[in-house]
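J.: Structure here, sequence nowhere to be found:
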């Protein structure tokens, strides 16, 4: 069964509106990997659709290789994923294979042996959330060269120790980096400007959950900014309490809005707040 998408929507809602099939059955198709958008398998109910995309339902194809994390959007030119915490975006001298790039490349090559993938931007290893990758060099160059102009929203959610003195604030700093890769506030006025905006969403006895929006994309920018105001991110032993060992760093890139030149319009990519963030703030 092939369907051509005619309007912006999300996958489950669009199929329910346009097929004479119970919503429960559509969910089963998604769960069993029987639905493909532009020939790419997805199990996401809220997979974003744009006009011109094609949807195929194939109940016989249940074992096609899938990524170990969510695909938020995919077409011929880009793939947008939800990177887990603890995974490098690209290889380092010490780690070549256990990277986002390698895993996505293997996934794409399993479907098309000529497939290519390029990193458009990065997240720290310990930060989870939205990452955009390109499938061709032209798209990669176009997005990278115009990244600051194309991206209108970069939003994160963080759980920090304590509670900031101000409910919301803009933190403007100049950041430099040591030879040991430690980012610090350069009081001499040199370094690169970093602008970080935060707002307290919820507080408990020990922690606060913040909405963080950045105007610049500097290395470790949010971690340094929040540590500077004495509310380091939970689990950040690099810039916070060395003894604050947690299962992960409590920083997640949950919203990214960018102009997509292929369709000449803005797209907003979103993920939900990680469950462990909510659990931590609710029990303390």
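T.: Received it, and whenever you're ready, just let me know what you need. Please read all numbers here as calculations on a predicted model, not as lab measurements.
J.: who touches stretch 36-46?
T.: Outside stretch 36-46, the residues within contact range by Cβ atoms under 8 Å, 6 or more residues apart in numbering are 10-12, 27, 30-31, 33, 35, 47, 49, 53-58, 61, 64, 66, 70-72, 74-76, 79, 111. (C-beta placed from N, C-alpha, C; glycine too.)
J.: Of those, just the buried ones, PyMOL syntax please.
T.: Buried subset of the contacts of stretch 36-46, written as a PyMOL selection, criterion 16 or more other Cβ atoms under 10 Å:
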select buried, resi 11+12+30+33+35+47+49+53+55+56+57+70+71+72+74+75+79
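J.: Phi, psi for residue 149 please.
T.: Here is the backbone geometry of residue 149 (degrees, to the nearest 10): phi -80, psi -40.
J.: picking that back up, so of the contacts of stretch 36-46, which ones are in strands?
T.: Mapping the contacts of stretch 36-46 onto strands (DSSP state E) picks out 10, 35, 49, 54, 55, 56, 57, 71, 72, 74, 79.
J.: Please produce CSV containing these, extended by distance to residue 232 and pLDDT.
T.: CSV is the format used below for the ones in strands among the contacts of stretch 36-46 (distance: Cβ to Cβ, whole Å; pLDDT from 0 to 100):
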residue, distance to residue 232, pLDDT
10, 36, 92
35, 42, 87
49, 40, 92
54, 47, 92
55, 45, 92
56, 48, 89
57, 48, 87
71, 32, 89
72, 29, 92
74, 35, 91
79, 33, 95
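J.: now, which of the residues you listed sits nearest residue 175?
T.: Distance to residue 175, by Cβ to Cβ, is smallest for residue 72 among the ones in strands among the contacts of stretch 36-46, at 28.9 Å.
J.: and the residue lying closest to that closest one once chain neighbours are set aside, how many residues sit next to it?
T.: The shortest distance from residue 72 to any residue other than its chain neighbours is 4.5 Å, reached at residue 80 (Cβ to Cβ, 6 or more residues apart in numbering). Residue 80 has 21 neighbouring residues, counting by other Cβ atoms under 10 Å.
J.: list the contacts for residue 214?
T.: If a contact means Cβ under 8 Å, 6+ apart, then residue 214 has 154, 156, 194, 195, 196, 197, 221, 222 as its contacts.
J.: Run through the helices of the stretch 1-150 of the chain in chain order.
T.: For the stretch 1-150 of the chain, helices defined by DSSP state H, counting those that start in this stretch occupy the ranges 11-18, 23-31, 100-111, 137-145, 147-150.
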